[in-house]
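Novice: I would like the atomic coordinates for the input below:
(2 chains)
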There are 2 protein chains.
Amino acid sequence: MISAKRSMHINLFLMNTGHHEASWRHPATDPRRITDLNYYRELGRIAERGKLDSLFLADTLVLPPTVEHKVLHGLEPFTLLSAIAAVTDKIGLIGTASTTFNDPFHIARKFASLDWISAGRAGWNIVTTASESAAYNFTDAALPPHDERYRKASEFVEVVKALWDSWEDDALVADKESGLYADMAKIHPLDHKGEHFAVRGPLNMPRSPQGHPLLVQAGSSEDGKSFAAMVAEAVFTAQPTFESGQAFYADIKSRMKPFGRSPDELCILPGFFPIIGDTLAEAQDKQRELDELTIVAYGLKRLSTLFKVDLTDCPLDEPVPLHLLPRQEEINGNRGRFELVEGMARKEKLTLRQLIMRTAGSRGHASLTGTPLQIADELERWFLGRAADGFNLMPSHMPDGLSDFVDKVIPELQNRGLFRTEYTGNTLREHYGFSRPAGKRKLEAHT
Amino acid sequence: MISAKRSMHINLFLMNTGHHEASWRHPATDPRRITDLNYYRELGRIAERGKLDSLFLADTLVLPPTVEHKVLHGLEPFTLLSAIAAVTDKIGLIGTASTTFNDPFHIARKFASLDWISAGRAGWNIVTTASESAAYNFTDAALPPHDERYRKASEFVEVVKALWDSWEDDALVADKESGLYADMAKIHPLDHKGEHFAVRGPLNMPRSPQGHPLLVQAGSSEDGKSFAAMVAEAVFTAQPTFESGQAFYADIKSRMKPFGRSPDELCILPGFFPIIGDTLAEAQDKQRELDELTIVAYGLKRLSTLFKVDLTDCPLDEPVPLHLLPRQEEINGNRGRFELVEGMARKEKLTLRQLIMRTAGSRGHASLTGTPLQIADELERWFLGRAADGFNLMPSHMPDGLSDFVDKVIPELQNRGLFRTEYTGNTLREHYGFSRPAGKRKLEAHT
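Specialist: Below is the predicted model of the structure:
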C-alpha cells in the first residue's frame, strides 16, 4: 500500500445520548429523544454534512442491570437503520446482529432488504453476544462457551454469504413480453447441513446492490482477532494508546495472509472519544462538566459486571482490588474488554474511583480532550503511523459532540488531504474503497 | 353496537406490483421497483391521501416455486415498514411475522421499536407459516403440524404481550437532576418457562406508544378462527361472496365471548379486489387487459402448490379433477385457502382454466369490476350487512389501481358518511377505534 493513496475512514458510533456515560444528564442532551426517529434523522444529516463513511448501531439483547442510572442503548438496529436509510442519502448503515441468537436465513434476508432499501449502504457488525444474561431471553440454556460461539459464528457467516449469492446477478429477468420473471437456472439452493445450521435456501430476494453488505467485526479476543482476519472488512476496536493501536493493527493485518487475504482488504477503526473546545481550557471545561455528572454507584455496577465480581463495597480511593478478579481465561463474555480495563488498572495502579472516571467516557477507547488542531494531529498520527485506517467516532454527547467534530475537526482533516471533501461513491463499499464481490456464475448457463 | 356509530376501516394490502398475478406484466407497472423504497414511499403517500387506516405487508419465508413467472413478494417486512414509517405520517403499518420460525424476544422488540419509530403506528399480523418448504430454511425438521403450530402461536403471543408490558408506563424517569434513569421497581422480568419458550425478560425498551402494537390475524381454519377470537383485534379473511362474508363475520364474533371479549373489540376485514373504470365497459376492459396477461403455466403451478397435487398434465378445458385432491384434513399448510378454492371449483363446476382465471386476480377474495359507484355500493352492502367492518384493499396493479380507488371510490364513501374525511387520531389503534391497553401497575409501588 502507498501512503499517499490511503484515505481515512470515519464511522459514527451512534449511542443514545452519547458515549460519556453521564451524557444523558448533560444540559444539552435529551434522553427522551433516543426513541424518536427525528433525533436519528438529525444525527444522520450532521454525519452526512461531515461526509462520514458510515454510522453504526451497537446492540445488546438484554436489559443492562445498570439501567437505573444509565440511559438505554436505544432501539432495535434493523428497524432503526431502515428508518434512517429512508431519511439519509449517502451514509453507510452498519447494524449489529448476533450469530448466537439468530437464524442465518432471517439475518441474510434482513441485511439484503436493508441493502435494497438504502440502495447499497448496509453493513453487518457480526457479534457472538458476550452477555451471559442475554441467553436467558432466548433459552433456558447458558450462553455457549467462547470458542463454541466463534465456531458457530463462522458457520453462520458462511451460510449468510451463500444466501446472498444464491441468486446470480442476472437471475432477475422481469421480461414482461415473454412472461419470464426469474431465470431458475441462475437461482441456486444451498442445501447447507452443518454442525449448527440446516438451511436449504435460496434466499427469497434478488442479489442486493452491494452483493454482500459490508462485514464488520469488533471482537478483540484471540478468537475474535482470528475471526476478523478471516471474514471482516472493517474492525472496530478499543485501543487506549497509540502503541497498543499499532500492535493491534500489525497483529490483525498479519493474520490475514493465511486466509488468502491482502492487508488492504480490511480497515481497522479504533474507537476515538474526543472532547473538543476552541481552546484547550474550553475542552477541559467540557470534560469536567461531563465527568462531574458521573454516578459512582453506576460505575461500580458497570465494573462489577465487566469483572464478574461485586465491587460495590470496595473502598473507592484504594487501588482496584485486582486479586478479587477472575482470571481472563475464566471470562466467557467480553474477554477483550476485560483484558483492556484490567490491564489499565494494573499498569497505572489506579484506584477504583480513578478507574471509574477513566472509563466513564471512553470506556477504554482512545480519547483526547483538546482543540480541533490537537484532535486532527492525533488522528493523523494514528493514521500515518499505522495504528488505524480510520476511526470509530464516539462523540461524548449528541448532537453537540458530533457537530463539533463535523464542523471543526473534519475541515482540518480535509485541509490536510486526509479525508474526503465530497462523497465519491454511493454505496458503503465504495466509501470504504472496496469492490463489489463477484457473484456466482454458472459457466454452463452461458455457453 | 349502533350502526350509525360504526365507521368503515380500510387497510391497503401492499403486494409487489399488485394483486393480479399478471400485474407485473401490465404496461403501467414496473416490477423492478418492488425493491425500491421510492415505490413504497409513493404508495404510502397515495394511501394517506385516501386517509386509509393502515397498510399491510404479507410475508413468506421461502422462495415460491412459481417465481419463474410471478413477481416476488418483495422485501422483508420489518426493514421495509420501518423505512415506510420514516416517509409517512399517519398511516398504520402492519407487518407479518411467523410464530413458528422466530423468537418472541426478537419479535416483541422489533414491533416495539417499529412502534417507537412510527410514533404508534405498528401492527403485527400473526402467522404460523403454512409453507412446508419454509421450514427447511430454518431446520432440517418438517413443518410442525397445524394444531401444534397454533399451540405454539398462543404461547408466543402471550410471551410477546408480557414483554411489551414488562415496563410500566412510567418506569422511564430520566431525571437528570437525581440521576435516576429508570425505576427498577416498575420493570418486571417474566421468568417465562412454557412448553415452547423460556424467556426471562424484561424487554430492553420502554413500553411503546401504543402499549401493544395492534394484533392482526388471517388464518381461516378452525384453529385460526379460534385463535383470532382469542387474540386478534383485526382479521384479514378471504370471502368470495357476501353470504360467506356474513357467515364468517357472525362465526368469528360469536367465538369471542368465551374469551371474555366483546364483538366490537375486533374488526373483520375481508379482502376486496376492485377493478375500477369510469364506465362498466372501461372497467371490464381493464380486467380483460390483466386477465389476458395471465400465464396458464403459472396458474397450474399455483393451484398444484395449493392442492398438493401435480395438475400440470391435466386438460385445461375439463372440470377440475377434484378426485385427485387430498382431503382437507390432510392439508398441513394453508387449510383455509384450500377449502375456499376447492369449494369454488366444486360448487361452480369450473374447468381448470376457469379456476385459474377466477383466482388469478382476487385469489378467492371478493372482487368487483365496475364503476366507483358500483364499488362503493358493494362495500356499503358488506359493511351495513355485517359481512365486514371494513376491507383489506387489494389493488389489481399499482400504483394505478390504488390511486383509482383513493381518488374515485374513497370520495364516494366519504360522501355517504361511511369513511373518514380526515385522520382523527395519530396511532394505528386510534384509526381502528381501539384504546391503548392498560399497562402493569404494581399497587404496592404507589402506596
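Novice: distance from the host helix or strand of residue A:113 to the middle of the chain?
Specialist: Element membership of residue A:113 [criterion: DSSP states H and E] is helix A:104-117. On the basis of CA atoms, centre = their mean, to the nearest Å, helix A:104-117 is displaced by 18 Å from the centre of the chain it belongs to.
Novice: report the backbone C-alpha coordinates of that helix in CSV.
Specialist: Only the C-alpha atoms of helix A:104-117 are listed here, as CSV (Å, rounded to 0.1, in the frame of the first residue of the first chain):
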residue,chain,number,x,y,z
PRO,A,104,-29.0,-17.2,9.2
PHE,A,105,-31.9,-17.0,6.9
HIS,A,106,-33.5,-14.1,8.8
ILE,A,107,-30.2,-12.3,9.0
ALA,A,108,-29.2,-12.7,5.4
ARG,A,109,-32.7,-11.5,4.4
LYS,A,110,-32.9,-8.5,6.6
PHE,A,111,-29.5,-7.2,5.6
ALA,A,112,-30.2,-7.8,1.9
SER,A,113,-33.5,-6.0,2.4
LEU,A,114,-31.7,-3.1,4.2
ASP,A,115,-29.2,-3.1,1.3
TRP,A,116,-32.1,-2.7,-1.2
ILE,A,117,-33.9,-0.1,0.9
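Novice: tell me the angle of it relative to helix B:104-117?
Specialist: 20 degrees (axes from the mean of the first three to the mean of the last three CA atoms, to 10 degrees).
Novice: does any bit of helix A:104-117 sit next to chain B?
Specialist: Yes. Looking at helix A:104-117 against chain B by CB under 8 Å from any CB of the partner chain, the contacts come from A:105-106, A:109-110, A:112-114, A:116-117. Every residue, glycine included, has its C-beta placed from N, CA and C.
Novice: I'd like the mean pLDDT over that helix, please.
Specialist: Mean pLDDT, helix A:104-117: 98.
Novice: and the next element down the chain from it?
Specialist: Following helix A:104-117 toward the C-terminus (DSSP H and E): strand A:122-127.
Novice: tell me the buried residues in the helix holding residue A:113?
Specialist: A:104-117 (16 or more other CB atoms under 10 Å in any protein chain shown).
Novice: same deal with stretch A:18-33?
Specialist: In stretch A:18-33, counting by 16+ other CB under 10 Å, buried: A:18-26, A:29-31, A:33.
Novice: out of the residues of helix A:104-117 next to chain B, which one sits closest to residue A:309?
Specialist: residue A:106 (36.3 Å; CB to CB).
Novice: now render the buried residues of stretch A:18-33 as CSV, adding distance to chain B.
Specialist: Below are the buried residues of stretch A:18-33 laid out as CSV (distance: CB to the nearest CB, whole Å):
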residue, distance to chain B
A:18, 13
A:19, 16
A:20, 14
A:21, 11
A:22, 8
A:23, 11
A:24, 7
A:25, 4
A:26, 8
A:29, 9
A:30, 9
A:31, 5
A:33, 10
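Novice: so where's chain A uncertain?
Specialist: A:1-4, A:442-447 (pLDDT under 70).
Novice: now do 50
Specialist: Applying pLDDT under 50 to chain A picks out residues A:1-4, A:444-447.
Novice: can you list the domain ranges for it.
Specialist: Domain ranges of chain A: A:6-281+A:364-446, A:295-359, per automatic domain parsing.
Novice: next one: the last one to chain centre, how far?
Specialist: Put simply, domain A:295-359 sits 23 Å off its chain's centre (CA atoms, centre = their mean).
Novice: are it and chain B in contact anywhere?
Specialist: Yes. Domain A:295-359 lies within reach of chain B by CB under 8 Å from any CB, at A:295, A:298.
Novice: how far does that domain stretch from one end to the other?
Specialist: 12 Å (CA to CA, to the nearest Å).
Novice: still on that earlier bit, max pairwise distance over the buried residues of helix A:104-117: which two?
Specialist: A:104 and A:117, at 20.1 Å, using CB to CB across the buried residues of helix A:104-117.
Novice: tell me which element the closest residue in space to residue A:189 that isn't next to it in sequence falls in.
Specialist: In space, and not counting its chain neighbours, residue A:189 is closest to residue A:201: 4.8 Å by CB to CB, 6 or more residues apart in numbering or on different chains. Per DSSP H and E, residue A:201 falls between elements, in no helix or strand.
Novice: who touches residue A:201 in this structure?
Specialist: A:105, A:162-163, A:166, A:188-192, B:137 (CB atoms under 8 Å, 6 or more residues apart in numbering or on different chains).
Novice: count of residues packed around residue A:408?
Specialist: Residues lying near residue A:408 (other CB atoms under 10 Å in any protein chain shown) number 18.
Novice: ugh, wrong one, residue A:185
Specialist: 12.
Novice: what's it sitting at in phi/psi?
Specialist: Note on residue A:185: its backbone torsions stand at phi -70, psi -10 [degrees, to the nearest 10].
Novice: now the longest strand anywhere in chain A - C-alpha only, CSV.
Specialist: When chain A is scanned for its longest strand (criterion: DSSP state E), the result is strand A:267-276. Extracted C-alpha coordinates of strand A:267-276, given in CSV (Å, rounded to 0.1, in the frame of the first residue of the first chain):
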residue,chain,number,x,y,z
CYS,A,267,-9.9,-1.4,7.6
ILE,A,268,-9.0,-1.1,11.2
LEU,A,269,-11.1,1.5,13.0
PRO,A,270,-10.2,2.1,16.7
GLY,A,271,-12.7,3.9,18.8
PHE,A,272,-11.9,7.5,19.4
PHE,A,273,-13.6,9.7,22.0
PRO,A,274,-12.9,13.4,21.5
ILE,A,275,-13.9,16.3,23.6
ILE,A,276,-13.4,19.4,21.5
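Novice: which SSE is immediately downstream of it?
Specialist: Assigned by DSSP H and E, the successor of strand A:267-276 is helix A:280-291.
Novice: just checking, what packs against that following helix?
Specialist: Where contact means 3 or more CB pairs under 8 Å, 6 or more residues apart in numbering or on different chains; DSSP states H and E, helix A:280-291 is packed against strand A:267-276, strand A:366-370.
Novice: how about those strands, which one is nearest chain B?
Specialist: strand A:267-276 (19.2 Å; CB to the nearest CB).
Novice: in the one helix or strand residue A:38 maps to, what's buried?
Specialist: In the assignment (DSSP H and E), residue A:38 maps to helix A:37-49. Neighbour counts using 16+ other CB under 10 Å place A:37, A:39-48 of helix A:37-49 among the buried residues.
Novice: in a markdown table, list the contacts of residue A:201 along with distance to residue B:426 and secondary structure.
Specialist: Formatted as a markdown table, the contacts of residue A:201 follow (distance: CB to CB, whole Å; DSSP: H, G, I helix; E, B strand; the rest coil):
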| residue | distance to residue B:426 | secondary structure |
| --- | --- | --- |
| A:105 | 35 | helix |
| A:162 | 43 | helix |
| A:163 | 38 | helix |
| A:166 | 41 | coil |
| A:188 | 46 | coil |
| A:189 | 45 | coil |
| A:190 | 44 | coil |
| A:191 | 48 | coil |
| A:192 | 45 | strand |
| B:137 | 37 | helix |
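Novice: neighbour-wise, which of these leads?
Specialist: Highest neighbour count within the contacts of residue A:201, by other CB under 10 Å: residue B:137, with 28 neighbours.
Novice: contacting residues for it?
Specialist: A:105, A:199-201, B:61-62, B:101.
Novice: how close does it sit to residue B:34?
Specialist: 21 Å (CB to CB, to the nearest Å).
Novice: picking up where we left off before, I'd like the buried residues of helix A:104-117 as a markdown table, with distance to residue A:327 appended.
Specialist: Putting the buried residues of helix A:104-117 into a markdown table (distance: CB to CB, whole Å) gives the following:
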| residue | distance to residue A:327 |
| --- | --- |
| A:104 | 34 |
| A:105 | 39 |
| A:106 | 37 |
| A:107 | 34 |
| A:108 | 38 |
| A:109 | 41 |
| A:110 | 38 |
| A:111 | 37 |
| A:112 | 42 |
| A:113 | 43 |
| A:114 | 40 |
| A:115 | 42 |
| A:116 | 47 |
| A:117 | 46 |
